[in-house]
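Build me a model:
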Amino acid sequence: MSGAWVSLSRTVTGAVTLATQVRTRDSVPVAPAATPDTAMSSPAPAITKPKRARTPGSRKAEFGSYIHTIMKQVGGNHVSVSSDAMLLLNGIATDFQGRLINKSNQYAKFDNKTTLKAKHARAAVKALLKGDLQEHAISEGAKALDKYLTNN
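As a prediction, this is how the structure comes out:
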């Protein structure tokens, strides 16, 4: 419930009272009504708003720089992407990344391994992609693996 908060206060007798307030656009928060127990006691402390969880600033594409690089390679300087389209492409890339990781983990579990290997990733790509996209993904993955192994 947005804009709601709860306050606990102790009375003189030691009983705990609970006061809940709900805030809407048109309403102003009102202090809880006094009960017979709280009427004789000292006034309850003021109700304070709880600290809000930190909200992220603006949505940002994780794969944005990579998507821009590929767009420039394919279309030159004549191609641009709006922020909404970039978020959509980022969502597609993130979704595929999650599927690829899950499928790779499944193949590793089938082999009773706790470490992902290149063959698990290759098998996951073969399962998730079809046709030319599959061939290009496997060849690019092999190139990246060779480059990594030669540098390390």
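
now the nearest residue to residue 62 once chain neighbours are set aside: how far from residue 100?
Take residue 62 and drop its neighbours on the chain: the residue closest to it by CB to CB, 6 or more residues apart in numbering is residue 90, 6.0 Å away. C-beta: built from backbone N, CA, C; applies to glycine. Remark: distance between residue 90 and residue 100 (CB to CB, to the nearest Å) = 15 Å.

Repeat that for residue 62.
Distance, residue 62 to residue 100, using CB to CB: 15 Å.

out of these two, which sits in the more crowded spot?
Higher neighbour count among residue 62 and residue 100: residue 100, with 17 against 12, using other CB atoms under 10 Å.

Three-state assignment for that one, please.
At residue 100 the chain is in helix, as set by DSSP: H, G, I helix; E, B strand; the rest coil.

Work out for me the element the closest residue in space to it that isn't next to it in sequence sits within.
Distances taken as CB to CB, 6+ apart place residue 124 nearest to residue 100, at 5.3 Å, with adjacent residues excluded. Applying DSSP states H and E as the criterion places residue 124 in helix 118-128.

And the next helix or strand after that helix, what's buried?
Using DSSP H and E, the helix or strand that follows helix 118-128 in sequence is helix 131-151. Using 16 or more other CB atoms under 10 Å as the test for burial, helix 131-151 gives residue 137.

Helix 131-151 - contacts with which helices or strands?
Secondary-structure packing of helix 131-151 (3 or more CB pairs under 8 Å, 6 or more residues apart in numbering; DSSP states H and E): helix 118-128.

quick one: average pLDDT of the helix it packs on?
Regarding helix 118-128, the rounded mean pLDDT is 95.
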